[in-house]
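A.B. asks: Here is my input, please return the structure:
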Amino acid sequence: MNVFSKSFLFFLFLSNFVFAQTAQSVKDSSRLLKIEFPETKPGDEIIHHLGYSYLYNETHEQASWVAYELTAAETEKAVERSNDFFPDKAVKTGTSDNPDYSGSGYDRGHLAPAADMCWSEQAMNESFLFGNISPQLPAFNRGIWKKLEEQVRTWAVQNNAIYVVTGPILQDSLKTIGPNKVSVPKYYYKVILDNEGDDKKAIGFVLPNLSSIEPLKSFAMTVDSVEKLTGINFFAALPKKEQKKLEGNICIECWSWEKMKKRDQNHSKKVDSSESTQCKGITTKGSRCQKKTQNDNGYCNLHEKQAD
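C.D. replies: Numbers count the residues shown, from 1 in each chain. The predicted structure follows:
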């Protein structure tokens, strides 16, 4: 083989190697962009909208899960709630509809809350598609579930951005409502991941579809525990070692349980002077904590002891 032939073959090898590395890099980037997605199975068709994505369950006529990233900026209200519910035409088999809920005694409960989509008119309108709706008792939907939704928005502000997966726990032999026989879940879940900085953390919740005056903390559990109850593998794009650490542990004190400060009528600024500021705390790696806090001492809940 002459020198030219060897050089040509080496060029081909190098080109293929670079192509493979580039393809792998694109694949990895794609995985990172979808870190909020649970593990999917062959044949699963994910429905994508501007503010969230979900996996529809035809048997139960609602989503098995709804996933989205929520940033601090997206909690700033830019549009009003629409209150117009529509079937989701993106679901080929069809979704539930208004007649399913009429006279049922159940609210058309959001999985991804409308208030989490207030940053865009399109996102707000799409939050009222029936693929994102599930039958919830009024006392649950307007009570403890709403409190959890508000708490999640507070965490988005304090942590800059979080990943949320939420949905019903779908089981056999559930009660159904309406012409489409929409299942009425007995329980709902949320799992939340803070994946920024050196102090990453995750937390899960399972709440019965009932009225409750119990504190939100009493429903908190590890993400692993929620996975066992739902059969869903959350945050599957995380490296396995990191996934095991985050999902197998829970630190209640690492999450703030205070309510978000009320906003003015324009929803662009906080009412008082206690704006969210960067935490003064120092992480275990010696760098400045990147979390936001509304605590007067300037430290987030994870680093409050450093204020002493």
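A.B. asks: Correct me if wrong: Glu121 contacts Arg81.
C.D. replies: No - with contact defined as CB atoms under 8 Å, Glu121 and Arg81 do not form a contacting pair (11.0 Å). Placement of C-beta: from N, CA and C, glycine included.
A.B. asks: Mind jotting down where the helices sit in the stretch 201-308 of the chain?
C.D. replies: Secondary structure of the stretch 201-308 of the chain (DSSP state H, counting those that start in this stretch): helices located at 223-230, 240-247.
A.B. asks: which of the ones you listed is buried the deepest?
C.D. replies: Comparing the helices of the stretch 201-308 of the chain by mean neighbour count (mean count of other CB atoms under 10 Å), helix 223-230 comes out on top with a mean of 18.
A.B. asks: Just the mean pLDDT for that one, thanks.
C.D. replies: Helix 223-230 carries an average pLDDT of 98.
A.B. asks: which residues are contacting it?
C.D. replies: Applying CB atoms under 8 Å, 6 or more residues apart in numbering, the external contacts of helix 223-230 come out as 167, 169, 187, 189, 191, 193, 202-206, 232-235, 246-248.
A.B. asks: Please repeat the previous calculation with a cut-off of 10 Å.
C.D. replies: 38-39, 64-65, 165, 167-171, 187, 189-193, 202-206, 221-222, 232-235, 243-244, 246-250 (CB atoms under 10 Å, 6 or more residues apart in numbering).
A.B. asks: gap between that helix and the chain center?
C.D. replies: A distance of 15 Å separates the centroid of the chain from that of helix 223-230, by CA atoms, centre = their mean, to the nearest Å.
A.B. asks: Next: stretch 55-64.
C.D. replies: Chain-centre distance of stretch 55-64: 17 Å, with CA atoms, centre = their mean.
A.B. asks: so how far is Ile250 from the closest residue to Met221 other than its chain neighbours?
C.D. replies: The shortest distance from Met221 to any non-neighbouring residue, by CB to CB, 6 or more residues apart in numbering, is to Gly204 (5.1 Å). Between Gly204 and Ile250 the computed distance is 8 Å (CB to CB, to the nearest Å).
A.B. asks: who has more neighbours, these two?
C.D. replies: A direct count of neighbours by other CB atoms under 10 Å for Gly204 and Ile250 places Gly204 higher, at 24 against 18.
A.B. asks: Tell me who's in contact with the more buried one.
C.D. replies: For Gly204, the contact set (CB under 10 Å, 6+ apart) comprises 165, 189-193, 219-227, 229-230, 234, 247, 250.
A.B. asks: what do you get if the cut-off is 8 Å, keeping everything else the same?
C.D. replies: Tyr189, Lys190, Val191, Ile192, Ala220, Met221, Thr222, Val223, Ser225, Val226, Ile250.
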